[in-house]
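Peer 1: Next come a sequence and a model predicted from it.
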Amino acid sequence: MAKHNKQTLVIGGGPAGMTAAIAAADAGDAVTILERNEKLGKKLYITGKGRCNLTNICDDEDFFKNIVHNERFLFSAMSRFNRWDLMGLIEDNGCPLKTERGGRVFPVSDKSSDVIKAFTKALDNRGVNVEYGVKVTELITEKKDDKTMVTGVKCADGRQISAEKIILASGGNSYRQTGSDGNGYAVAKALGHNIVAPRPSLIGLVCRESWPRELSGLTLKNVNVTLFHRGKKIKTLRGEVLLTHFGLSGPVILTMSAYLDDHPDQYGLRIDLKPALTDQQLDTRVLRDFEQMPNKKIDNALKKLLPISLIPAMREMAGIDSETKVNALDKASRKRLVHLIKNLSFQITDFFEPNTAIVTSGGIDTREINPKTMASKLACGLYFAGEIIDVDALTGGFNIQIAASTGFAAGSH
Ligand SMILES: Cc1cc2nc3c(=O)[nH]c(=O)nc-3n(C[C@H](O)[C@H](O)[C@H](O)COP(=O)(O)OP(=O)(O)OC[C@H]3O[C@@H](n4cnc5c(N)ncnc54)[C@H](O)[C@@H]3O)c2cc1C
């Protein structure tokens, strides 16, 4: 008798779905990926500014420190398919990789399309079938001995496809033009799954202060940024802040955004523009500069200390008139200026437009998923993989690795 291959359907052809399909095919299943787009990995294509930061080779401890929500849930999946496994899969399929600063791994070609080609080759070699332009709208279930069994999917074109195993890897809810528009949450919710409220992460922050918008394009380098929640200090990070037309962005702000909840307006930020100096040292430095140019206007006297375009805003906030000369500046005004340089405060009012989030935080409640197999605890035959799960990490290649590791766990069981 011919061996019966289990029919496995994978919903979504991102890194999670593709890795799941590869693992399921290796386990002997007959696998079909259903992808609503006309190609695989549309989001993967835009990752790492088109270069795809595939993963990160920092040690395990650091890796888990970069996972913001539910890192413990990932212990098992990460140990069964780790960074080296993902890198091996991609390199073995024709895409050599290189490691850059901070352990970030990229294709040598700097082209995300080469990573997609490697995934595609691995799928082809295993005979995985891919159906394009198919959007799954619903899961078909039946009750057996009081258990809910998933037996197939309904598609937007009215088709029904049967399967014994279904892996939902439809991604998060941002850059919706790539196909990941959050529709998978409703598909899982219809089966009773709890969805931890999705919210944007790794995204810019809108602030109440309007002056940063007028300085759009200015980068504040080597600054300390401290995040506050209802006045309580949460975190301080060093790095770059970009002022934009919408508010604050840049690497440090994107990272900070991962630590906000769905009430961004309860958060504040404080930027220390001169973190290497104490308040006293900064005051001494300002005094020294001022003594060297007593007849200059304040704006000119601050040029060595601050980015030129920032000076008028800082001076105005310190309540100093533009015509004031250094030798006419009183001590209280100078102290206000020094304090401001060390404590530039912002009240956050919102995230940037959610569609611009690099990753979605929230998703399928991890308490309802077996962490070893990614199997649903509510419906037999259903598995989850990737960003649709309530896990998310910082920038650095961690999110694609999570997608691949959870995909492997879902596919190989
Ligand atoms: C601009 C940007 C840059 C990024 N850069 C990096 C980076 O360099 N490194 C990193 O680690 N992470 C990066 N990320 C995050 C990373 O891309 C995601 O975390 C990762 O792609 C998630 O993989 P996934 O397979 O779970 O979902 P996705 O990649 O979103 O794939 C989901 C797929 O499912 C399909 N789909 C959705 N619903 C249905 C349906 N109902 N039926 C059929 N198909 C469906 C979608 O079309 C999509 O192809 C970046 C994200 C963005 C937006």
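Peer 2: Everything's here; your move.
Peer 1: burial measure for residue 124, as a count.
Peer 2: By other Cβ atoms under 10 Å, the residues close to residue 124 number 11. No exception for glycine: its C-beta is placed from N, CA and C like everyone else's.
Peer 1: Angles on the backbone of residue 26, please.
Peer 2: phi -60, psi -30 (degrees, to the nearest 10).
Peer 1: so how far is residue 296 from residue 60?
Peer 2: Here residue 60 is placed at a distance of 55 Å from residue 296 (Cβ to Cβ, to the nearest Å).
Peer 1: For the ligand, what is the nearest residue in the stretch 151-300 of the chain?
Peer 2: Scanning the stretch 151-300 of the chain for the residue nearest the ligand gives residue 179, at 2.0 Å (criterion: Cβ to the nearest ligand atom).
Peer 1: Enumerate every residue touching the nearest residue to that residue once chain neighbours are set aside.
Peer 2: Setting aside the residues directly before and after it, residue 179 is nearest to residue 37 in space (Cβ to Cβ, 6 or more residues apart in numbering), at 4.8 Å. Counting by Cβ atoms under 8 Å, 6 or more residues apart in numbering, residue 37 touches 13, 132, 133, 178, 179.
Peer 1: Format those as TSV; extra columns: pLDDT, secondary structure and neighbour count.
Peer 2: Output for the contacts of residue 37, formatted as TSV (pLDDT from 0 to 100; DSSP: H, G, I helix; E, B strand; the rest coil; neighbours: other Cβ atoms under 10 Å):
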residue	pLDDT	secondary structure	neighbour count
13	98	coil	32
132	98	strand	13
133	98	coil	12
178	98	helix	16
179	98	coil	21
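Peer 1: ok, and residue 240, which helix or strand is that part of?
Peer 2: strand 232-243 (DSSP states H and E).
Peer 1: Quick check: what element follows that strand along the chain?
Peer 2: Using DSSP H and E, the helix or strand that follows strand 232-243 in sequence is strand 248-249.
Peer 1: near the ligand, anything from that next one?
Peer 2: No - Strand 248-249 does not reach the ligand (Cβ under 6 Å from any ligand atom); its nearest approach is 12.8 Å.
Peer 1: Number the residues from 63 up from this point.
Peer 2: Will do, 63 is the new start, and the previous item becomes strand 310-311.
Peer 1: Which strands and helices lie in contact with the helix or strand following that strand?
Peer 2: Of the helices and strands lying after strand 310-311 in sequence (DSSP H and E), the nearest is helix 313-319. Helix 313-319 is packed against strand 267-269, strand 281-291, strand 294-305, with contacts defined by 3 or more Cβ pairs under 8 Å, 6 or more residues apart in numbering; DSSP states H and E.
Peer 1: any idea how far residue 81 is from residue 180?
Peer 2: For residue 81 relative to residue 180 (Cβ to Cβ), the value is 11 Å.
Peer 1: what touches both of those two?
Peer 2: residue 151.
Peer 1: confidence score at the residue nearest in space to the middle of the chain?
Peer 2: Centroid-nearest residue in the chain: residue 421, 3.5 Å away (criterion: Cα atoms, centre = their mean). On pLDDT, residue 421 comes in at 98.
Peer 1: Tell me what it is bridged to.
Peer 2: residue 263 (DSSP bridges).
Peer 1: wait, it sits on residue 454?
Peer 2: Yes - assessed by Cβ atoms under 8 Å, residue 421 is found in contact with residue 454 at 5.0 Å.
Peer 1: how about the residue of the stretch 313-462 of the chain found nearest the ligand, phi and psi?
Peer 2: Distances between the stretch 313-462 of the chain and the ligand by Cβ to the nearest ligand atom are smallest at residue 448, namely 2.2 Å. Dihedral pair for residue 448: phi 90, psi -150, per degrees, to the nearest 10.
Peer 1: Name the nearest residue to it, ignoring sequence neighbours.
Peer 2: Excluding the flanking residues, the one nearest residue 448 by Cβ to Cβ, 6+ apart is residue 78, at 2.6 Å.
Peer 1: Neighbouring strands - and their directions - for the helix or strand hosting residue 411?
Peer 2: In the assignment (DSSP H and E), residue 411 maps to strand 406-413. Partner strands and pairing direction for strand 406-413 (DSSP bridges) are strand 267-269 (antiparallel), strand 329-334 (antiparallel).
Peer 1: Tell me where the stretch 363-475 of the chain has helices.
Peer 2: 373-379, 393-404, 460-474 (DSSP state H, counting those that start in this stretch).
Peer 1: Name the surrounding residues that touch the second one.
Peer 2: For helix 393-404, the surrounding residues in contact (Cβ under 8 Å, 6+ apart) are 334-336, 341, 344-345, 348-349, 352, 367-368, 376-377, 379-382, 386.
Peer 1: again with stretch 139-149
Peer 2: 81, 85, 116-119, 122, 125-126, 159, 167, 433-434, 436, 462-464, 466-468, 470-471, 474.
Peer 1: same deal with stretch 437-444?
Peer 2: 201, 203, 206, 209-213, 225-228, 230, 250, 253-255, 430-432, 445-446, 472, 475.
Peer 1: if we can go back for a sec, looking at the strands paired with strand 406-413, which is buried most?
Peer 2: strand 267-269 (a mean of 23; mean count of other Cβ atoms under 10 Å).
Peer 1: What residues does the stretch 163-312 of the chain have near the ligand?
Peer 2: 197, 198, 231, 232, 233, 236, 237, 241, 242, 245, 246.
Peer 1: if you look at these, which of them are in strands?
Peer 2: residue 198 (DSSP state E).
Peer 1: Which of the residues of the stretch 163-312 of the chain next to the ligand fall within helices?
Peer 2: Cross-referencing these against helices under DSSP state H gives 245, 246.
Peer 1: What's the ChimeraX syntax to select whichever of the residues of the stretch 163-312 of the chain next to the ligand are buried?
Peer 2: Those of those that count as buried under 16 or more other Cβ atoms under 10 Å are selected in ChimeraX with:
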select :198,231,232,233,236,237,241,242,245,246
